[in-house]
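Enquirer: Task: produce atomic coordinates for the following.
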Amino acid sequence: MKPKLVLMSHGNMAAETLQSAKMIVGELIAAQVVSMTETDGMSGTIEKLTQTLNFLGDVPVLILADLKGGTPCNVAMMQMNERPNLRVLSGLNLAMVIEAAVSPIEELDELTNYLCDIGKSAVEKIELLEIDEEEEYEE
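Expert: Numbering: from 1, shown residues only. Have a look, this model is predicted:
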């Protein structure tokens with residue numbers, strides 16, 4: 001069984017990232033979203049995540065959190081002590097969510113490592129290629 005996916009963020013980033021992924025890959029992706037609001041604080045975010053994890057049951061879960069050291073990520077990390085089949089990745093981005101949807105990987109640690117690599121490779125400085133004007137018009 002493929003691990004369940006939970007997206008966590010400050011504000012609506014997780015929900016909007018999921019919607020963007022669905023725009024690209026359709027309904028291939030099923031994920032839960034935990035969005036921390038300004039008034040949630042640590043306790044409200046803990047409550048939201050606990051409800052989500054209880055809903056999912058005792059299955060492998062991978063949480064993609066927006067920011068290492070931020071409340072959503074810290075709350076997710078706290079759950080790792082109580083749930084041995086839970087993994088957390090920080091740096092939530094669209095490439096990670098799309099790959100989570102289309103990847104055939106079912107083993108939790110293998111999927112976690114794969115998505116970590118995908119997330120890192122999705123961040124790249126884009127530079128314009130210099131075009132030689134003579135070559136451009138040779139056709």
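
Enquirer: Quick check: next helix or strand after the lengthiest helix in the chain?
Expert: Using DSSP state H to define each element, the chain has its longest helix at helix 41-56. Using DSSP states H and E, the next helix or strand after helix 41-56 towards the C-terminus is strand 61-65.

Enquirer: So for that next one, mean pLDDT?
Expert: Strand 61-65 carries an average pLDDT of 98.

Enquirer: That strand packs against which elements?
Expert: Under the contact definition 3 or more CB pairs under 8 Å, 6 or more residues apart in numbering; DSSP states H and E, strand 61-65 sits against strand 4-10, helix 71-80, strand 86-90, helix 94-102, helix 108-121. All C-beta atoms are positioned from the backbone trio N, CA, C, and that covers glycine.

Enquirer: Mind listing the strands the third one pairs with, and their directions?
Expert: Just to be clear, that refers to strand 86-90. Strand pairing for strand 86-90, using DSSP bridges, gives strand 61-65 (parallel).

Enquirer: residues in contact with the longest helix of the chain?
Expert: With contacts defined as CB atoms under 8 Å, 6 or more residues apart in numbering, helix 41-56 is touched by 4, 6, 8, 32, 34-37, 40, 61, 71-72, 74-76, 78-79, 83, 86.

Enquirer: nearest residue to the residue nearest to the spatial centre of the chain other than its sequence neighbours?
Expert: Among the residues of the chain, the one closest to the centroid is L64, at 3.4 Å (CA atoms, centre = their mean). Among residues not flanking L64 along the chain, L92 sits closest, at 4.5 Å (CB to CB, 6 or more residues apart in numbering).
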